[in-house]
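K.L.:
Need a 3D model of the sequence below.
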Amino acid sequence: MKSITYFKEFAKYTSLNIAAMISVSCYILVDTFFIAFSLGHNGLAALNFAVPVWGFIVGCGMMLGIGGATKYTIAKSRHEHKFANQIFTNTALLILGIAVFFVSCSVFFADFIATSFGASGEVFAMTRDYLYVILLFSPVILLNYTLICFIRNDKAPQLAMAAMVISSFSNIAFDYLFIIVLDMEMFGAALATGLAQTVGLMILTLHFIRKRNGFHLIRCKVKKVIASSIFAIGFPSFVTEVSISVVMITFNLIIFSIAGNIGVAAYGVIANILIVVISIYNGIAGGVQPLISKHYGDRNIALAKLMLRYALVLMAIISVLIYAIVFFGAHQITNIFNSKQNEILQSLAVSGMKIYFTGAIFAGFNIIMAIYFTSIDNPRPAHIISILRGFVVILPLVFLLSHVAGITGVWLVFPITELVVSGIGLWLFSYNRHL
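P.N.:
Coordinates of the predicted model:
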């Protein structure tokens with residue numbers, strides 16, 4: 001009977017979080033659809049050049065959210081209530097500092113960032129407009145992602161999911177209004193995303209209005225030991241998000257040299273579908289994280305590992321379904337974003353999608369293993385997994401394989417990287433099996 005209870009708890013948290021994370025991924029996916037419909041492959045290319053900045057902002061929000069919320073959950077399970085509030089306050093102060101940096105980038109460096117990421121000509125102006133607005137909304141985005149993690153860990157996963165889902169539907173409505181009705185192009189797409197994030201943040205404030213929050217701000221300074229611990233635990237989540245951005249920048253530059261803006265647009269289709277797939281894995285990881293941390297805080301390692309097993313089995317089942325959908329539906333999926341019916345874009349995206357997503361199951365394994373180690377306050381193995389898959393393996397590999405096999409080599413980089421790192425992740429788990 002106890003095992004059924006634990007599974008129900010797991011199903012509740014993960015299902016809600018998967019739904020929430022999928023809805024979040026729809027921010028960029030919806031932008032992609034409306035931009036493709038309105039602006040064609042140049043718009044798709046511009047969005048693909050700009051999306052990495054979104055990844056950096058979200059990565060910072062998830063790093064502070066996962067890192068702070070994990071420490072908070074462990075502290076609460078051990079009845080260290082004052083320390084738990086210190087953790088939340090330190091997290092809020094760190095958000096403030098990072099938000100100032102991103103807003104400064106919007107005001108002073110939007111042009112420079114767009115050029116550095118490879119945008120040029122007509123695509124440059126579109127990219128710059130998107131970057132300018134999305135960076136201005138960075139304080140809202142950071143706070144949104146951080147509060148989602150804390151509120152979910154504060155026994156309110158339904159509210160966290162509701163905020164994210166309502167925010168996503170708002171984004172669809174705003175996109176239609178600003179891009180289709182008012183013809184505001186890339187500026188309108190970024191504005192829609194920023195306002196939708198604001199709606200989500202307003203929903204999250206209900207947790208405080210109803211006075212159900214187990215955490216609150218207290219008078220204290222940023223403590224180095226708390227801040228470093230938040231960064232250490234949240235770093236793998238940061239790398240997971242940011243590595244997508246770094247890889248996108250690198251892939252964009254290489255693909256542009258091989259196939260021009262149409263090649264970048266084709267990769268944009270694949271990259272946006274990948275964002276949805278990764279969001280599902282992040283949903284499983286984020287859903288199981290508070291449960292693993294709770295059981296670890298109660299010093300029940302067996303239950304923490306049971307939650308891990310549940311997560312891995314669910315991930316494997318979903319991965320098989322994802323690849324089946326991608327393999328048999330690649331043509332139809334690409335059609336959604338290829339409003340101008342460009343044959344080269346269609347061919348590149350369809351063939352690339354079928355190769356690229358063979359790595360999905362290995363990516364899911366790596367994400368869940370990284371979150372397991374951070375959830376038990378042992379971030380070093382998670383750092384190794386995240387850095388390997390985000391930078392050390394994938395970046396040299398893309399230069400090598402693109403040189404050897406052209407665009408096909410680029411598509412092979414993701415599955416080979418994730419496969420190699422999953423083998424290392426399995427070894428790290430075996431080595432640390434006593435934890």
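
K.L.:
Can you pull out the low-pLDDT segments for the chain?
P.N.:
1-4, 20, 23-29, 31, 214, 339-340, 433-435 (pLDDT under 70).

K.L.:
Helices of that one, start to end?
P.N.:
Ranges of helices in the chain, per DSSP state H, are 2-77, 81-116, 121-136, 138-153, 157-175, 185-204, 206-209, 224-297, 301-337, 343-356, 360-375, 379-387, 394-431.

K.L.:
Just list the residues touching the residue nearest to G406 when sequence neighbours are not counted, thanks.
P.N.:
Spatially, and ignoring its direct neighbours in sequence, G406 is nearest to I258 (6.0 Å; CB to CB, 6 or more residues apart in numbering). For glycine as for every other residue, the C-beta is placed from the backbone atoms N, C-alpha and C. Neighbouring residues of I258 by CB atoms under 8 Å, 6 or more residues apart in numbering: 402, 406-407, 410.

K.L.:
Could you rerun that using 7 Å?
P.N.:
402, 406-407 (CB atoms under 7 Å, 6 or more residues apart in numbering).

K.L.:
Grab the nearest non-local neighbour of T198.
P.N.:
V140 (5.4 Å).

K.L.:
is it true that the one you found touches Q197?
P.N.:
Yes. Between V140 and Q197 there is a contact at 5.0 Å, judged by CB atoms under 7 Å.

K.L.:
more crowded one of the two?
P.N.:
Q197 (29 against 21; other CB atoms under 10 Å).

K.L.:
so how far is R78 from the more buried one?
P.N.:
33 Å (CB to CB, to the nearest Å).

K.L.:
Check N171 too.
P.N.:
39 Å.

K.L.:
Dump stretch 298-305 to CSV, keeping only the CA atoms.
P.N.:
Presented in CSV, the C-alpha positions along stretch 298-305 are these (Å, rounded to 0.1, in the frame of the first residue of the first chain):
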residue,chain,number,x,y,z
ASP,A,298,14.3,12.8,6.1
ARG,A,299,17.4,10.6,5.6
ASN,A,300,15.5,7.9,3.7
ILE,A,301,17.8,7.2,0.8
ALA,A,302,15.8,4.1,-0.3
LEU,A,303,12.7,6.3,-1.0
ALA,A,304,14.8,8.9,-2.8
LYS,A,305,16.1,6.2,-5.2
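
K.L.:
Pull out the buried positions in that stretch.
P.N.:
Going by neighbour count (16 or more other CB atoms under 10 Å), the buried part of stretch 298-305 is 303-305.

K.L.:
ok, back up a step: nearest to Q346, of the contacts of I258?
P.N.:
I407 (14.0 Å; CB to CB).

K.L.:
Please look at that closest one and A259 and confirm they touch.
P.N.:
Yes. Assessed by CB under 7 Å, I407 is found in contact with A259 at 6.1 Å.

K.L.:
quick revisit: can I get the contacts of I258 in JSON lines with neighbour count and distance to N272?
P.N.:
Listed next are those as JSON lines, based on neighbours: other CB atoms under 10 Å; distance: CB to CB, whole Å:
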{"residue": "S402", "neighbour count": "22", "distance to N272": "21"}
{"residue": "G406", "neighbour count": "14", "distance to N272": "22"}
{"residue": "I407", "neighbour count": "19", "distance to N272": "18"}
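
K.L.:
Pick out whichever of those residues sits closest to A19.
P.N.:
So of the contacts of I258, ranked by how close each gets to A19 (CB to CB), first place is I407, at 34.7 Å.

K.L.:
out of everything not next to it in sequence, what's closest to that closest one?
P.N.:
I407 sits nearest to I258 (CB to CB, 6+ apart), 5.4 Å away.

K.L.:
Quick check: that neighbour vs M126, distance?
P.N.:
I258 is 22 Å from M126, by CB to CB.

K.L.:
Check T89 too.
P.N.:
Taken as CB to CB, the span from T89 to M126 is 40 Å.

K.L.:
Please say which of those two ends up with more neighbours.
P.N.:
M126 (26 against 21).

K.L.:
So the more buried one is in contact with H41, correct?
P.N.:
No. In this structure M126 lies outside contact range of H41 using CB under 7 Å: 11.6 Å.

K.L.:
P379: what's it in contact with?
P.N.:
232-233, 235-236, 373.

K.L.:
Who wins on neighbours among those residues?
P.N.:
Ranking these using other CB under 10 Å puts P236 first, with 30 neighbours.

K.L.:
check contacts around the spatially closest residue to R389 that is not a sequence neighbour.
P.N.:
Here the nearest residue to R389 in space, its sequence neighbours aside, is V421; by CB to CB, 6+ apart that works out to 4.3 Å. With contact taken as CB under 7 Å, 6+ apart, V421 is in contact with 366, 385, 388-389, 393.

K.L.:
Pick the one among those closest to L191.
P.N.:
Nearest to L191 among the contacts of V421, with distances taken as CB to CB, is R389, at 33.3 Å.

K.L.:
Contact partners for the closest one?
P.N.:
Per CB under 7 Å, 6+ apart, neighbours of R389: 243, 366, 417-418, 421.

K.L.:
same question, F33
P.N.:
So F33 contacts 336-337 (CB under 7 Å, 6+ apart).

K.L.:
before we move on, back to that, in JSON lines: the contacts of V421, plus distance to K8.
P.N.:
Listed next are the contacts of V421 as JSON lines, based on distance: CB to CB, whole Å:
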{"residue": "N366", "distance to K8": "27"}
{"residue": "I385", "distance to K8": "29"}
{"residue": "L388", "distance to K8": "35"}
{"residue": "R389", "distance to K8": "32"}
{"residue": "V393", "distance to K8": "38"}
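
K.L.:
among those, which ones are buried?
P.N.:
366, 385, 388-389, 393.

K.L.:
which of those lies closest to Y13?
P.N.:
Using CB to CB, those come closest to Y13 at N366, 20.6 Å.

K.L.:
Tell me how many other residues crowd A360.
P.N.:
24.

K.L.:
so it sits right up against L321, yeah?
P.N.:
No. Counting by CB under 7 Å, A360 does not reach L321; the two are 10.1 Å apart.

K.L.:
quick one: contacts for the residue nearest to F238 when sequence neighbours are not counted?
P.N.:
Nearest in space to F238, with sequence neighbours left out and distances taken as CB to CB, 6+ apart, is M63 at 3.5 Å. Shown in contact with M63 (CB under 7 Å, 6+ apart): 231, 234-235, 237-238.

K.L.:
So which of the residues you listed wins on neighbours?
P.N.:
Going by other CB under 10 Å, S237 tops the contacts of M63 with 32 neighbours.
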